[in-house]
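Q: here's a sequence, model it:
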Amino acid sequence: MTTPTFSSRRSLMIACVALGLLLAAPMAQAQGGQTELRSTADYNYGQSINFHLSAANVGEIEAITLYIRLGVSPDSFAVDVPIDPGPNIELSYALDLTQTRLPPFGSITYWWELERTAGSPLRVPEQIISYVDDRFNWRQLVTTDDQGGGSVRIHWTGDDELLGEQARDITFELLPELGQLMPIEQILPFDIYIYPSTADLGAALRLAGRDYQPGQTYPDLGVVLLTVLNPQTAEEELRAGLSLGLTDLLLYQGLNQYAFNVPPWLRRGLAGAAQGSSDIVQSDVLRSAIADGTTMAVADLCAGMPVEDDLAIAQSESLVNHIIATNDDAAVRDLVLAFAEGQDCATALAQTLQLTPQQLETAWLRANSGNQSSQDVAEIAVWLVLVLAGFGLAGLLLIRPRHS
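A: You can find the predicted model right below:
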């Protein structure tokens, strides 16, 4: 075997050093590290939302600011998060939701900005967390409207798949009806939450800092909230809750804050017109009021009187159905727009229907009183026929010859 010479040994040493330097370079780079930024968030519904940030190899950090934006609002608010200055950061910030109320069932966008002693500030990209009532194990059914109605996400509790399917079918039955009566160009995606009880729904809203009244809607949250208490009456409960909830949601989508200018009787009437079927008890109350002359003045309803009892609800629905029957869908849309623009009752009716409140009331009463009289006459005629038939049958039995 040939013994290496000094020259060859020197060449071998140089090669080894060179190889070592090549291997050491990535190790030094790895030891120096790349910038690491990691941001997450979680929450306890109604209690706190927790924002977490990890940062490494970013240089000396002097200050950190957390930015939060709600929903699609262009505005955001900032929180200066205290830190211990240093090159590596591990921190969490808990926003107390008992003090700072966040609207539920929406999205929260958040991001961070890091001020460094040297170098430009660092910005952690925006992230979004959905803030929903997580006290329940929600089932979900997502359907996209082929006619351009966007995506509808239905959430409910329990093991009954039929409830979600019923809600979907009724929703897509009501949407086209409401779309014809409202000044809305496109329906935006929305969620429907079906709670198992009124108490559960009330607690969810109170935890979010909202006053709760049964039957109240919250269209500014971008969702429809309702309850189904009894599986045996689920379809009736869904139809009633969805018709009103969808009406207010679509009005808000089309008019934003101006939707609250639309008086309660018109909103309730739109829901009733879309729903189609009327409540039997409410219909009986309205018939009695028409017969007794105790209906509510249209001028009072039109001026913003609350619609809470059976008579107010039934009369509101009947008025809108009358307007549709004697005009068309466009007249109803124009009426909604007139109120949304801030016009008073008399001006809105004169502009869209060419009627005063008193004239509308007279025409509505005449139309419904006639229907009531016709129905009463028909019912009396049926009873008279039955009574006469009974007497006739008795007479035939009496005069029939007897055989010995």
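
Q: tell me the pLDDT of Thr98.
A: We note a pLDDT of 91 for Thr98 in this prediction.

Q: phi, psi for it please.
A: For Thr98, the backbone dihedrals (degrees, to the nearest 10) come out as phi -80, psi -20.

Q: that one against Gln47, yeah?
A: Yes. Counting by CB atoms under 8 Å, Thr98 touches Gln47, with 6.8 Å between them. Backbone N, C-alpha and C define where each C-beta goes, glycine included.

Q: how far is stretch 173-190 from where the chain is centred?
A: 13 Å (CA atoms, centre = their mean, to the nearest Å).

Q: and the contacts of that stretch?
A: For stretch 173-190, the surrounding residues in contact (CB atoms under 8 Å, 6 or more residues apart in numbering) are 145, 147-153, 222-224, 242-243, 246-247, 249-251, 253-255, 270, 273-276, 324, 329, 332-333, 336-337, 340.

Q: one more: stretch 352-371?
A: 290, 295, 297-299, 302, 318-319, 322-323, 325-327, 331, 334-335, 338, 345-346, 349-350.

Q: in it, which residues are buried?
A: Thr352, Leu353, Leu355, Pro357, Leu360, Glu361, Ala363, Trp364, Leu365, Asn368 (16 or more other CB atoms under 10 Å).

Q: go on, stretch 61-81?
A: Those would be Ile61, Ile64, Leu66, Tyr67, Ile68, Arg69, Val81, for stretch 61-81 by 16+ other CB under 10 Å.

Q: among the contacts of stretch 352-371, the buried ones, what's the PyMOL command?
A: Under the burial definition 16+ other CB under 10 Å, those of the contacts of stretch 352-371 that qualify are selected in PyMOL by:
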select buried, resi 290+295+298+299+302+318+319+322+323+327+331+334+335+338+345+349+350
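
Q: okay, and which of the contacts of stretch 352-371 map to helices?
A: With DSSP state H as the criterion, helices contain 290, 298-299, 302, 318-319, 322-323, 325-326, 331, 334-335, 338, 345-346, 349-350 from among the contacts of stretch 352-371.

Q: picking that back up, give me the buried subset of the contacts of stretch 173-190.
A: The buried subset of the contacts of stretch 173-190 - by 16+ other CB under 10 Å - is 149, 152, 222-224, 242-243, 246-247, 249-251, 253-255, 270, 273-275, 324, 332-333, 336-337, 340.

Q: follow-up on the earlier one: wait, which of the buried residues of stretch 61-81 is closest to Arg135?
A: Ile68 (22.6 Å; CB to CB).

Q: mind listing what that closest one touches?
A: Neighbours of Ile68 in contact, by CB under 8 Å, 6+ apart: Ser76, Phe77, Ala78, Val79, Leu95, Ile108, Thr109, Tyr110.
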